[in-house]
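# Kindly return the folded structure for what I paste below:
(chains A and B)
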2 protein chains.
Amino acid sequence: MAVYAIVLAGGAGTRFWPASRSSRPKQLLPLASGKETLLAATVRRIAPLVPPSNVVVSTGVHLMEATRAALSDAMGVTFLAEPVPRNTAPCIAWAAATLYARNPQAVCMVLPSDHFIAAEDAYIATVARALDAARNGHLTMIGIKPTRPETGFGYIEIGSPVDSTDEAFAVQRFVEKPTRERAEEYLASGRFLWNAGMFFFQARTMVEAVRAHLPEVARGIDAIVSGESTVEEVFPTMPGISIDHGVMEKAANVAVVPGDFGWSDLGTWESIWELLPKDGDGNVLPGESIAIDAHRNLVWDRGASPRTYAIVGVNDLVVVETGDAVLIVPRSRSQDVRLVVEQLRATGKRT
Amino acid sequence: MAVYAIVLAGGAGTRFWPASRSSRPKQLLPLASGKETLLAATVRRIAPLVPPSNVVVSTGVHLMEATRAALSDAMGVTFLAEPVPRNTAPCIAWAAATLYARNPQAVCMVLPSDHFIAAEDAYIATVARALDAARNGHLTMIGIKPTRPETGFGYIEIGSPVDSTDEAFAVQRFVEKPTRERAEEYLASGRFLWNAGMFFFQARTMVEAVRAHLPEVARGIDAIVSGESTVEEVFPTMPGISIDHGVMEKAANVAVVPGDFGWSDLGTWESIWELLPKDGDGNVLPGESIAIDAHRNLVWDRGASPRTYAIVGVNDLVVVETGDAVLIVPRSRSQDVRLVVEQLRATGKRT
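This is a model prediction of the structure:
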């Protein structure tokens, strides 16, 4: 059964301003290292299992040009352009139906395009296990083994093994973002995994699940795939709903495969600092930098014209420079970058 | 007696890096406000007493082009180019001898080009008093009434009035940079003034004083002014000595006129922050800026391409951006900018 990847690249994150902009969201940035965008890394990373010609990238119409440019090295990728954002369920349903029409035997995976994975071999091995469960008819997720009592993620409680391999488990329940106290219980119990938004299924299984649980979405997608209506006509009429709420939490044949491969959702500049290699004082700095009595800072500048940075006597700061904008914020307040974007929007500025 | 101004513009300050560079020192920057360089402000400010055609600007050969450009609006200014720096005595002696040759009745003032003066009318009135004392044959200085126990300046202790006007005083003694304790005594006594490097004299008086106290310098300058030797031949052979040490501290006919006109030597970025108008949170920011929970910061960017600055949750920082370099330092450590310049020089980088 041929394997396909549906890469979700429609995100419009605001937490990496000014590096991320409405026209250049997080997945189109080389946030992890070097010059490879997170999107390109996602396609490159899965290549041992899915050739680019079996990759479908879903994004918004306004991001299509920049998204194609970011994947110019990946020959044969298919692009789906959403005319308006409708969360993940309509998008995944559309891609699954499209692949089902292309190949009724298709086995699919859904991958976010803006995450980081440190241990790529372990990742590929975990994906292979999840694909096995998908081939056995399960709507399968990868759940990340938690490393801290994170309150920003959804959790998945694992149930009994779904087969004799002891690699895939039934889902006992889905839990929304927990309190700190609850998150610490989950971490200690060993029975909870982070929902990382990775899904694995036969195209047929997903098409059937959408028909069963989201009939309104299924009718719209049918109309698009049959050519009866255009995506521009149908998509705006769709409900905005996540695949988690719309399908996974309702379906009976759901499984989860635990994964442990240095995953990070790269939520804020703080997580970028955590990820990147540091000098002896804990600083992440561009090449031409001078740090004097400065510790644990992140200076982010991937601009075309190199600058000399001199940081003297400052600690735990994030500095982001993009030529037309500069952000300075303590690492511990990285999440407040959204306040900047809100204020820019409120005053009618470009974001 | 015609009045001339000798403006000292050869300084190569390092404390305003990255705005100041070896090719664009402090006096060529618009540090006080708007787009007027400190040098242009110096010439403009004295214009009620000295027309530009009576202004002599002394600078280094390597700064000549940039210095002329900064004064392109001041028609008729004369420039003297020092082939090598030799502190202030040879430079002032050369300018005084040049003006004496031009007009044996010349009355001269020596003005630093990199200071700030808030109350320009009071400044002009003080300069007029100092010129009166100079016409009476005194080597005259303006001494600034101290406002704090500053340990970075030299002090002048005032003696008895030199005439019946009670506006100019003999100098009791010159004091080098004092200890903090001593500086507090000076401030409390009311008898000490800051040496601001402003001198007033008849050209003839200075030529004679140099001949008496710095005969080696006098011989060299005579050779230049007579055309016997070139400045390129003579200047490198001169001793590097200040007019304070070389002449003022030795001469008998020295006077000081107290001044109180909002003077600042603009020593560091901290003093620029003190000077400039602030928003309600004490920030000095470029026009397109967003400050969230940020207080008492200075963001300096006078570049051609405007940037949006977002500062979130940071206090008392100096941020300087020049397109090719960025400095970030706490205001209280502004003086450590020299460490950056030292490190750049030590690694063979341009400064």
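
# what are the ranges of the helices in the stretch 51-200 of chain A?
Counting by DSSP state H, counting those that start in this stretch, the segments of the stretch 51-200 of chain A that form helices are A:64-70, A:88-102, A:120-135, A:180-189.

# how about the residues of chain A near chain B?
A:17-18, A:290, A:292-293, A:305-314, A:317, A:319, A:321, A:323-330, A:333, A:336-337, A:339-340, A:343-344, A:349 (CB under 8 Å from any CB of the partner chain). From N, CA and C alone the C-beta is placed, and that goes for glycine too.

# of the residues you listed, buried ones?
A:17-18, A:290, A:292, A:307-314, A:317, A:319, A:321, A:325-330, A:333, A:336-337, A:339-340, A:343-344 (16 or more other CB atoms under 10 Å in any protein chain shown).

# which ones among the residues you listed are found in helices?
Among those, the ones falling in helices (DSSP state H) are A:Val337, A:Leu339, A:Val340, A:Gln343, A:Leu344.

# Kindly indicate which of these lies nearest chain B.
Within these, proximity to chain B (CB to the nearest CB) peaks at A:Val340, which comes in at 4.3 Å.

# Nearest residue to the closest one in space, please, no chain neighbours.
B:Ala310 (4.3 Å; CB to CB, 6 or more residues apart in numbering or on different chains).

# Hmm, A:Pro18 and that neighbour touching each other?
Yes: using CB atoms under 8 Å, B:Ala310 is in contact with A:Pro18, at 7.2 Å.

# any idea how far chain B is from the closest residue to A:Glu228 other than its chain neighbours?
Nearest residue to A:Glu228, sequence neighbours excluded (CB to CB, 6+ apart): A:Asp222, at 7.7 Å. Per CB to the nearest CB, to the nearest Å, A:Asp222 is found 46 Å from chain B.

# Does A:Asp222 fall in a helix, a strand, or a coil region?
Using DSSP: H, G, I helix; E, B strand; the rest coil, the structure places A:Asp222 in helix.

# That one: how many residues sit nearby?
A:Asp222: 17 surrounding residues under other CB atoms under 10 Å in any protein chain shown.

# May I have the beta-bridge partners of the residue most central in space within chain A?
Centroid-nearest residue in chain A: A:Pro112, 2.8 Å away (criterion: CA atoms, centre = their mean). Beta-bridge pairing for A:Pro112 (DSSP bridges): A:Leu8.

# my guess is it meets A:Asn195, correct?
No: distance between A:Pro112 and A:Asn195: 10.9 Å, which falls outside the contact criterion (CB under 8 Å).

# excluding its backbone neighbours, what's nearest A:Asp281?
In this structure, A:Asp281 finds its nearest non-sequential neighbour in A:His295, 4.8 Å apart by CB to CB, 6+ apart.

# ok, that neighbour to A:Glu270 distance?
Using CB to CB, to the nearest Å, we find A:His295 at a distance of 15 Å from A:Glu270.

# higher neighbour count, these two?
Under the criterion of other CB under 10 Å, the comparison of A:His295 against A:Glu270 puts A:Glu270 first, with 20 against 17.

# Could you confirm the more buried one falls within a strand?
No: A:Glu270 is assigned helix when assessed by three-state DSSP, not a strand.

# per-residue pLDDT, it?
For A:Glu270, the model assigns a pLDDT of 95.

# which ones are touching A:Val207?
A:Ala93, A:Ala96, A:Ala97, A:Tyr100, A:Ala218 (CB atoms under 8 Å, 6 or more residues apart in numbering or on different chains).
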